[in-house]
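# Just a sequence and a predicted model for now, questions to come.
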Amino acid sequence: MTKEGGGDVKKRKKSGQGATVGEGRTSSVEEKEKQQQRGKKENKKSRNQLKGKQAVVSNGSDTGATSGQVKSLQSAATGATWSIFLQVVLRLVTFASNGIIVRISSSTMLGIVNVRLLLLYSTIVFLAREPVRKACLSVRNSQLTASHWQMVVNLIWFGIVASFVLATTLSLFWLFYLQRPEDLSYYTIAVVSYALSAVVEVAAEPYWIFYQIKLNSKLKAVIETQSLIAGVIVLLGGLYFFPELGLVVPSAAQLVRKFYILFAYVFKLNWDLNRAKASIAPVQSNVQMLFSAAHNGELPWYKYIPESIAKIAASFVLHGVVKQALTEGERYIMTFGHMLTFAEQGVYDVVNSLGSLVPRMLFHPIEEDYYTFFAALLSREEEDTCGKKEENTADEKGVERDIAKVMCEADEKLASLTLSTLLKLVVLIGIVFTCFGQAYSYLLLFIYGGESLANGEGVVLLRATCMYVFLLAVNGITECFVSAFSSKREIDEHNWYMFYISVAYALASIYFTATFGAVGFVMANGVNMVLRISKSLYDIQHYLHQHNHMLLEGHPILNSIPCSSVLITLCLSMGVTMWSESVLIGETYSSQFQGGVAFTNIAQHIAVGAVCFFSSMFILYTAEKDFLRHLVVLWRGDGKPSRRVGTKSQKQSNKKMK
């Protein structure tokens, strides 16, 4: 009994222990199952969040874009609007002042001021400012901290120091190497003044970049407009009351403009700081616009810089040199080659400025402000970071990567649609100028500057410039887009290509100028633009091939081609207006301006052009409604255009590809 009882006890103990172990195993399994269920719920929740993000990106509520995209788009649209306003004021005032100078002064002074002295100024400003500006505009407002901003400012000061070195070196070159004008006095004072004005303008760059990063584009337009008005008042007043001072008058006007810009930015920052009664993150005083060493004192200011941004700026240096040589190539050849007299240079500059007056008022601000927009949306990585696929996305980090991928693809799609719209806009503007500029070049020159401009090569120059505007339009937007996504290696490769283009451009300028005269410069510029556009289109196609999701709504380059009805209407308008000029104005221009019949003919000729222009615009409105709707949405900054726009553009693209 005892043994049996003891055996029963042992059995009960073992069975009790077994039950305890079994219950523990069961509870652990249940806990694991509960954890798995919770994980599945969390993953499902994350997946739903991802689907929600995708729905916002693809369909959206009203705008179809994220708040960040809308803010960037609104900033770009606002900045472009204010920049266009600034360019309109700048070009109109320059246009009027040049016309007055032609009549009260001489074309020789125009040649010296607008070609030689402004070439000195633009060379210093562009080479010292452009690389740093392009690199620093990649900085986002959310990245700004006190230490990071100080590093950015230190990098900007490299450009300010470079402007001083360039100003000193080039001033000596302008004074002692180039031919001095004999019939105008105070040439030395003028050279020093224009070089100093360039240094002063670059010194305002920390303020300019700061407010651009803060998305305050209106300030730039207001300050530069005010400075322009002040400079023009000094210029016209000085020429009228003190004509004997010669080049001192435009030199004083130039210095007034640039010092006004610098002091206005300093005053504006002080005003904002006092109004905020604290700081405008991360700036607390004007002192933070000066170079400074690291807080711990271990690094001097010239080493305390953001390394990644500095590398991009260094890559843009050679690019800036070559671009400046290509942009101002004809002025360099005029200045160093002595191929034209100062009077001929003045006439060429006036005609060239007149021909590109309205296009430059539109193209330059669009390029400047939408470069910031594209740089914020596109990645400079050589690989498609949006298109990378993760092997395991079941965890929370994987879901976050999926969300980031969707948002990245949405940014790039928005950039593609914006490129297509902007490119079609400038293409249409270029074609309009090409078609209508042929029949109204003489009339415009005669009204603007009299027979001194209308006779000779002026008409041929203006007609050629109107055709050149089309190439100028396409090149500006395509290079803007390419610069926004290019990596350091791609920028370096592009620099070498631009160098080869500059050599070809120089040779073409020498040949065409010797053969055709001043119009040869326009022809050489056309060759330059064709080569640059070809390179940009190749780079864009390569980028789109790596980012296939940007082609879902059609190829942006093919979508930018206007429809055939618009092109046919514009070509017919060119034929009708040229026929009108030959019949109503005739070959003997000067004789017809003596009597009242000539003014009647002029009015009839202008009326024919107006009818043709508005007819073309009506055809454009009926045939390109989706493009116009897309343009309105883009300009308002409301976000991504409607899906119907993309669908139709994709169908048009597919038809063109077939």
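Nice, I can see it.
# can you map out the strands along the stretch 101-250 of the chain?
Applying DSSP state E, counting those that start in this stretch to the stretch 101-250 of the chain gives no strands.
# residue ranges with poor pLDDT in the stretch 451-600 of the chain?
451-452, 455-456, 549, 552, 586-597 (pLDDT under 70).
# The helix or strand where residue 533 lies packs against which elements?
Using DSSP states H and E, residue 533 sits within helix 519-546. Under the contact criterion of 3 or more CB pairs under 8 Å, 6 or more residues apart in numbering; DSSP states H and E, helix 519-546 touches helix 329-337, helix 458-485, helix 488-516, helix 556-559. All C-beta atoms are positioned from the backbone trio N, CA, C, and that covers glycine.
# repeat that with 7 Å
Packing partners of helix 519-546 (3 or more CB pairs under 7 Å, 6 or more residues apart in numbering; DSSP states H and E): helix 329-337, helix 458-485, helix 488-516.
# Can you tell me which of these is packed in deepest?
Most buried of those by mean neighbour count (mean count of other CB atoms under 10 Å) is helix 458-485; its value is a mean of 23.
# That helix to helix 519-546, inter-axis angle?
Put simply, helix 458-485 runs at 20 degrees to helix 519-546, going by axes from the mean of the first three to the mean of the last three CA atoms, to 10 degrees.
# Might you calculate how far stretch 343-350 sits from the centre of the chain?
Put simply, stretch 343-350 sits 28 Å off its chain's centre (CA atoms, centre = their mean, to the nearest Å).
# nope, stretch 305-318 is what I was after
19 Å.
# Spit out the contact partners of residue 519.
Residues near residue 519 by CB atoms under 7 Å, 6 or more residues apart in numbering: 457, 460-461, 464.
# where does residue 560 fall, phi/psi-wise?
Backbone torsions for residue 560, taken as degrees, to the nearest 10, come to phi -80, psi -10.
# Would you agree it is in contact with residue 427?
Yes. Using CB atoms under 7 Å, residue 560 is in contact with residue 427, at 5.9 Å.
# More neighbours: the two, which one.
Ranked by neighbour count (other CB atoms under 10 Å), residue 560 and residue 427 place residue 560 first, with 23 against 17.
# How about the contacts made by the closest residue to residue 309 other than its chain neighbours?
Of all residues not flanking residue 309 in the chain, residue 135 sits nearest, at 4.9 Å (CB to CB, 6 or more residues apart in numbering). Counting by CB under 7 Å, 6+ apart, residue 135 touches 309, 312-313, 316.
# List the contacts of stretch 337-355.
Contacts for stretch 337-355 (CB under 7 Å, 6+ apart): 98, 102, 107-108, 110-112, 114-115, 179, 181, 333-334, 444, 448-449, 453, 458, 461-462, 465-466, 469, 513, 518.
# average pLDDT for that stretch?
On average, the pLDDT along stretch 337-355 is 79.
# Mind listing what's buried along it?
Going by neighbour count (16 or more other CB atoms under 10 Å), the buried part of stretch 337-355 is 339-340, 342-355.
# quick check, distance from stretch 247-263 to the centre of its chain.
26 Å.
# buried sites along it?
Applying 16+ other CB under 10 Å to stretch 247-263 flags 247-262 as buried.
# Need the residues that contact that stretch.
112-113, 184, 186-187, 189-190, 193-194, 196-197, 200-201, 203-204, 223-224, 226-228, 230-231, 234-235, 238-239, 242.
# Could I have the buried ones of those residues as ChimeraX selection syntax?
In ChimeraX syntax, the buried subset of these is picked out as below (16+ other CB under 10 Å):
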select :112,113,184,187,190,193,194,196,197,200,201,203,204,223,224,227,228,230,231,234,235,238,239
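# now the contacts of residue 135 in a markdown table, with secondary structure and pLDDT?
As requested, the contacts of residue 135 are exported to a markdown table (DSSP: H, G, I helix; E, B strand; the rest coil; pLDDT from 0 to 100):
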| residue | secondary structure | pLDDT |
| --- | --- | --- |
| 309 | helix | 85 |
| 312 | helix | 84 |
| 313 | helix | 86 |
| 316 | helix | 83 |
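# In TSV, list those along with neighbour count.
Listed next are the contacts of residue 135 as TSV, based on neighbours: other CB atoms under 10 Å:
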residue	neighbour count
309	19
312	20
313	24
316	23
